[in-house]
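[1] Predicted structure and sequence below. I'll ask about it afterward.
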Amino acid sequence: MAEEFDLVILGGGTGGYVAAIRAAQLGLKTAVVEKGKLGGTCLHKGCIPSKALLRSAEVYQTAVKSEEFGIVTGDVNVDFLKVQDRKNKIVDQLYRGVQHLMKQGKITVYEGLGRILGPSIFSPMPGTISVEMNNGSENEMLIPQNIIIATGSRPKTLPGLPIDGEFVLTSDEALELESLPKSIIIVGGGVIGIEWASMLNDFGVEVTVLEYADRIIPTEDHEISNEMLRLLTKKGVKFVTGAKVLSETLKIEDSVSISAEINGTTEEFTAEKMLVSVGRSANVEGIGLENTEIVKEKGFIETNEFFQTKETHIYAIGDCIGGLQLAHVASHEGITAVEHMTGNKPERIDYSLISKCVYSSPEAASVGLTEEQAKKEGYDLKTGKFPFRAVGKALVFGEADGFVKIIADKKTNDILGVHMIGPHVTDMISEAGLAKVLDATPWEVAKTIHPHPSLSEAIGEAALAVDGLAIHS
């Protein structure tokens, strides 16, 4: 027996379940089809478990350095099974929370793989969903008025570099390690690679990062990249940029070895394990796209600004459409899609207003244009920068490295971008995000009286520094 719904969402990750909640709020009869667990990659294989491990690494380093604070602890050791147990408890608690939200919203959840069927006796246009149930029972048939594809993504690897889960890992397998390796090669110095490099280094692992580009975290402002490189190198991470990994040289015995071409020469690297962190691929196979007019570009689903595909009753959001592959982006894309299909006339998402974070140690965060992007777009710039070493609260924390940088338009005085690296900047970036939403100027941010002592004083001082007026520099 087929069941009718106003909306069926393929994928119960952060984008999918948030869209479902918004749809339920608007009175839509809604179903979510999820073949894994509600919460998706973010909750089970990404944001939350990795940050739990990063926090344990941070606590370990705090204990190691405790004598600097006058606290004598004796020998400090890592019990990695307990680290993993804590991570799993956090994930499980949040998973139960998402399940509760689905019940609270009277949202039907189907545990299985949903496929879009072509025109049939159920519907004259593509859109009936056949759900292959995880429990092996007969397929469920769902007839929705609208569909949202929120199937997420998975880690990529390089051609010729097979993931075996023992020696060669992606972040998925790394999250399930039962013990820490003595050494690791990380292929890729983007956000995920840097977070793992920072975490494993803090746990005492010998880390080498091979990055193809000429700098790490290349999407960030160049000054942020340079400072991250300096600070992680100081902590003991080895970086090799401009490194073209040669997959065909992979050798696995009791360890893993691989060569990379660097400035015309070839160098071999060996470690106990290798982590491949070279981006993510959309999960768009096996969901019936071939039965629709939906268009893909470079492996991602094409949509308009309100996330409609070529089939106007089928929307797509999150990692499967490319762009900023971030959980908070997927959530807001889902809300926008639901509000559009219900005639609520949402504003389009302005991606320049979305904050991005790197949860390494030190942390990095940004919103808006980098200095390079602003110059390329023809802006005449003025910038202000303020170091955390001049902020009392940073010294109290024992984390005085890093800075806040604000980029403004000389002509209009509008803030174009804000970039931070240092202690707890991922918790501070939302002030800059609000400033961007309100089209604020550095003067307006400086007029916000930041409490003393606080890390946020660096934002106020950086805003003053744009016009050469910083007090403590």
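    Thanks, I have it. Since this is a predicted model, take the numbers as computed values, not measurements.
[2] Buried residues in the helix or strand harbouring A446, which are they?
    Per DSSP states H and E, A446 falls inside helix 442-447. Using 16 or more other Cβ atoms under 10 Å as the burial criterion, the residues of helix 442-447 that qualify are 442, 445-446. Heads up, the C-betas are built off the backbone N, CA and C, glycines and all.
[3] Same check on stretch 128-142?
    By 16+ other Cβ under 10 Å, the buried positions in stretch 128-142 come out as 128-132, 140-142.
[4] Likewise for stretch 64-82?
    Of all the residues in stretch 64-82, those buried under the rule 16+ other Cβ under 10 Å are V78.
[5] nearest spatial neighbour of F306, skipping sequence neighbours?
    Nearest residue to F306, sequence neighbours excluded (Cβ to Cβ, 6 or more residues apart in numbering): H340, at 4.1 Å.
[6] Let me see the contact set for E363.
    357, 420-426 (Cβ atoms under 8 Å, 6 or more residues apart in numbering).
[7] same thing with F403?
    Neighbouring residues of F403 by Cβ under 8 Å, 6+ apart: 223, 227, 385-388, 420-422, 458, 462.
[8] Would you mind giving the residues you listed as a markdown table with neighbour count added?
    Compiled in a markdown table, the contacts of F403 are given as follows (neighbours: other Cβ atoms under 10 Å):
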| residue | neighbour count |
| --- | --- |
| E223 | 16 |
| E227 | 21 |
| K385 | 18 |
| F386 | 25 |
| P387 | 18 |
| F388 | 25 |
| M420 | 31 |
| I421 | 29 |
| G422 | 26 |
| A458 | 30 |
| A462 | 27 |
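[9] Could you list the residues in contact with the helix or strand where G112 lies?
    Using DSSP H and E, the element containing G112 is strand 108-116. Applying Cβ under 8 Å, 6+ apart, the contact partners of strand 108-116 are 5, 8, 10, 12, 30-35, 38, 102, 126-135, 140, 142, 147, 286-289, 291-292, 314.
[10] Tell me the helices and strands packed up against the very next helix or strand once past that strand.
    On the C-terminal side of strand 108-116, the nearest following helix or strand under DSSP H and E is strand 129-133. With contacts taken as 3 or more Cβ pairs under 8 Å, 6 or more residues apart in numbering; DSSP states H and E, strand 129-133 sits against strand 108-116, strand 140-149.
[11] Okay, buried residues for the last one please.
    Of the residues in strand 140-149, 140-144, 146-149 count as buried by neighbour count, 16+ other Cβ under 10 Å.
[12] List just the nearest of the residues you listed to Q84.
    Among the buried residues of strand 140-149, I149 lies closest to Q84 (Cβ to Cβ), at 32.6 Å.
[13] what's near enough to touch the closest one?
    10-11, 284, 287, 301, 309, 314-317, 320 are the contacts of I149 under Cβ under 8 Å, 6+ apart.
[14] residue ranges of the strands in the stretch 201-350 of the chain, please?
    Secondary structure of the stretch 201-350 of the chain (DSSP state E, counting those that start in this stretch): strands at 206-211, 238-241, 243-252, 256-262, 265-271, 273-276, 280-282, 296-297, 300-301, 314-316.
[15] residues touching R280, list them.
    So R280 contacts 153-156, 319, 325 (Cβ under 8 Å, 6+ apart).
[16] Return the members of those classed as buried.
    Judged by 16+ other Cβ under 10 Å, buried ones among the contacts of R280: 153, 155, 319, 325.
[17] And the pLDDT at the most centrally placed residue in the chain?
    Centroid-nearest residue in the chain: L326, 4.3 Å away (criterion: Cα atoms, centre = their mean). Per-residue pLDDT puts L326 at 96.
[18] same deal with I335?
    pLDDT, I335: 98.
[19] and if you look at P126?
    Model confidence at P126, given as pLDDT, is 79.
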